[in-house]
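A.B. asks: from the sequence below, what's the structure:
(chains A and B)
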Protein chains: 2
Amino acid sequence: MAGNSGDTARSVLGRALAVLGSFSDERPEQTLGMIAAATGLPSATAHRLVAELVEWGALERPARGRYRIGIRLWQLGALAPVARDLRDTALPFLQDLVAVTGQIVHLVVLDGYEALFVERLTGHAAVRVRSRVGRALPLHASGPGKVLLAHALAAFVDEVLTQGLPRLATGTITDPGRLTEALAGIRRSGFCLSRDEMTDGASSVAAPITGPSGDVVASLSVVVPSSTENLQLLVPAVRVTAAGVSRALHPRSPLGERRP
Amino acid sequence: MAGNSGDTARSVLGRALAVLGSFSDERPEQTLGMIAAATGLPSATAHRLVAELVEWGALERPARGRYRIGIRLWQLGALAPVARDLRDTALPFLQDLVAVTGQIVHLVVLDGYEALFVERLTGHAAVRVRSRVGRALPLHASGPGKVLLAHALAAFVDEVLTQGLPRLATGTITDPGRLTEALAGIRRSGFCLSRDEMTDGASSVAAPITGPSGDVVASLSVVVPSSTENLQLLVPAVRVTAAGVSRALHPRSPLGERRP
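C.D. replies: Below you'll find the model as predicted:
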């Protein structure tokens, strides 16, 4: 291999993955210049990698010099367990919850130190929120995120606390002691009520989803306007939905057999 | 570069993409041996590429020696326009159609010579079908596929006819002349009725979705049991839903502005 200054540590594949990783929710469409700047790759290298990724279908070129994630990568991603198993199993239950409440319903998993939104269904009465399918948001600042945190290992929670608890909205819990108390409350009660923690004006009720081993593998929530006086009224519906998904995820469950 | 016998034609990136491309709906989880066999790569090469893909998160290793598509690839795929624009825009309309009919609703786009299923929502009365999110099926053997074919270029339709029309179920249109007539009928009427063409026992009503330019960019369908006597009764609901999605896809539409 020829020595390529400053980039010898990264393999060809590593550089191609860096190109793919430079696309994000904030940058779903990029120019070659943006890709080169984000990855630190020389323009010629970025150009060559992008051309090969386009040829294969991992990237698309909607206009000259502009690039987006391609349909083939979407199709591959649909094979991931989070989509193929969790999301497909949960979807009918989430639809029922939307039908009953008319509000936004989220399905969320832990991804590193963040809450990754795997699905979002929107009802007719839906309030405006920050979430989007595929977006990752801080764990401490949402109901489903706190539910996942409440069932994580103590060492992991300590790391999250050490990293700091930035304020996203007026109700965000930014004090480590208060967050620790809230997590204990979630473990005791089996659900989580949040007011204006992620977005002002939006409140939520969240509950955990367990996998076949009994571990919490995901959480779901209903988001309602903060003008809703009694969030408790939504708790039974959210918990029943989470229990339904948990049961369907169990391979021995009769519902589990419904999966094609 | 050292000459690597027999595989010089493929770049390192090409080989890594071949590894990813060896995962499919039929093979969502593979061993290293399966990957090597499917790609024609030497085991050592496959092992090295897989290790780097696992490290980045493109693949996951659920158990020793077994591999699946990883959450990071799913997250990247969610940035594709088919997910971020089409699917996100269509979803509330699809939910309404499920709520009204209680049946399966599909959102489908053209991908090469196939009908790619982008979304599938399931109602309580749903019949069993072959579709799955991310699965590609023959164009001629489903309602939404025929709608896409009906609005494709004549040269493209000729290619599909030349490739042959395999039978998938008792009602599949396998005669080129009959398919050409059916496509003309779809263009005239603005919808498509299908009986037992993809799966015996399942029938559908499909209609086209147009993008901002007026071109057909997708199609949607409701699938009902073939015991349903009058499919025509579903036509207005399906067409109104398709028109709603088409309007919401238009950037000047008031509904288009609802997108966050």
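A.B. asks: isn't A:Gly190 right up against A:Pro208?
C.D. replies: Yes - counting by C-beta atoms under 8 Å, A:Gly190 touches A:Pro208, with 7.4 Å between them. Where C-beta positions appear, they are placed from N, C-alpha and C, glycine not excepted.
A.B. asks: these two: who's more crowded?
C.D. replies: Between A:Gly190 and A:Pro208, counting by other C-beta atoms under 10 Å in any protein chain shown, A:Pro208 is the more crowded of the two (24 against 14).
A.B. asks: where do the helices sit along chain A?
C.D. replies: A:12-21, A:32-39, A:43-56, A:71-77, A:81, A:88-101, A:143-150, A:154-163, A:176-189, A:235-249 (DSSP state H).
A.B. asks: tell me which of those sits most buried.
C.D. replies: helix A:143-150 (a mean of 29; mean count of other C-beta atoms under 10 Å in any protein chain shown).
A.B. asks: who touches that one?
C.D. replies: A:106, A:108-110, A:114-115, A:137-140, A:156-157, A:160, A:173, A:179, A:182-184, A:186-187, A:191-194, A:197, A:204-208, A:216, A:218-221 (C-beta atoms under 8 Å, 6 or more residues apart in numbering or on different chains).
A.B. asks: just stretch A:175-185 next, same as before
C.D. replies: A:140, A:146, A:149-150, A:157, A:161, A:165, A:173, A:192.
A.B. asks: what about A:Asp200, how many neighbours?
C.D. replies: 13.
A.B. asks: now it. Nearest residue, chain neighbours left out?
C.D. replies: A:Ala169 (4.7 Å; C-beta to C-beta, 6 or more residues apart in numbering or on different chains).
A.B. asks: tell me the domain ranges of chain A?
C.D. replies: A:12-75, A:79-258 (automatic domain parsing).
A.B. asks: could you redo those domains as JSON lines and give each row distance to B:Leu59 and mean pLDDT?
C.D. replies: Rendered in JSON lines, the data for the domains of chain A read as follows (distance: least, C-beta to C-beta, whole Å; pLDDT from 0 to 100):
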{"stretch": "domain A:12-75", "distance to B:Leu59": "11", "mean pLDDT": "95"}
{"stretch": "domain A:79-258", "distance to B:Leu59": "10", "mean pLDDT": "93"}
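A.B. asks: quick one: the residue nearest the centre of chain A and A:Ser43, what's the gap?
C.D. replies: The centroid of chain A falls nearest to A:Leu116 when counting by C-alpha atoms, centre = their mean (1.5 Å). Distance of A:Leu116 to A:Ser43, given as C-beta to C-beta, to the nearest Å: 32 Å.
A.B. asks: repeat for A:Ser219
C.D. replies: When A:Ser219 is compared with A:Ser43 (using C-beta to C-beta), they lie 43 Å apart.
A.B. asks: check A:Trp74 too.
C.D. replies: A:Trp74 sits 27 Å away from A:Ser43 when distances are taken as C-beta to C-beta.
A.B. asks: next: A:Leu97.
C.D. replies: A:Leu97 is 49 Å from A:Ser43, by C-beta to C-beta.
A.B. asks: cool, A:Ala152 as well?
C.D. replies: 42 Å.
A.B. asks: next: A:Ser246.
C.D. replies: 50 Å.
A.B. asks: with A:Arg247 instead?
C.D. replies: Relative to A:Ser43, A:Arg247 is positioned 53 Å away (C-beta to C-beta).
A.B. asks: kindly report the same for A:Leu234.
C.D. replies: 53 Å.
A.B. asks: again with A:Gly145
C.D. replies: For A:Gly145, the distance to A:Ser43 - C-beta to C-beta - is 39 Å.
A.B. asks: next one: A:Leu110
C.D. replies: Counting by C-beta to C-beta - A:Leu110 and A:Ser43 are separated by 37 Å.
A.B. asks: and for A:Val216?
C.D. replies: 46 Å.
A.B. asks: wait, what's in contact with the residue in the stretch 101-250 of chain A that chain B sits nearest to?
C.D. replies: When distances are taken as C-beta to the nearest C-beta, the stretch 101-250 of chain A reaches nearest to chain B at A:Gly134, 2.9 Å away. Applying C-beta under 8 Å, 6+ apart to A:Gly134 gives the contacts A:25, A:116-117, B:74-75, B:77-79, B:83-84.
A.B. asks: mind doing that once more with 10 Å?
C.D. replies: A:24-25, A:28, A:77, A:116-120, B:71, B:74-80, B:83-84 (C-beta atoms under 10 Å, 6 or more residues apart in numbering or on different chains).
A.B. asks: with A:Ile69 instead?
C.D. replies: Applying C-beta under 10 Å, 6+ apart to A:Ile69 gives the contacts A:20, A:23, A:28-30, A:53, A:58-60, A:77, B:76-84.
A.B. asks: ok, now A:Gly77?
C.D. replies: A:Gly77 makes contact with A:69, A:83-84, A:134, B:58, B:69-80, B:83, B:134, according to C-beta under 10 Å, 6+ apart.
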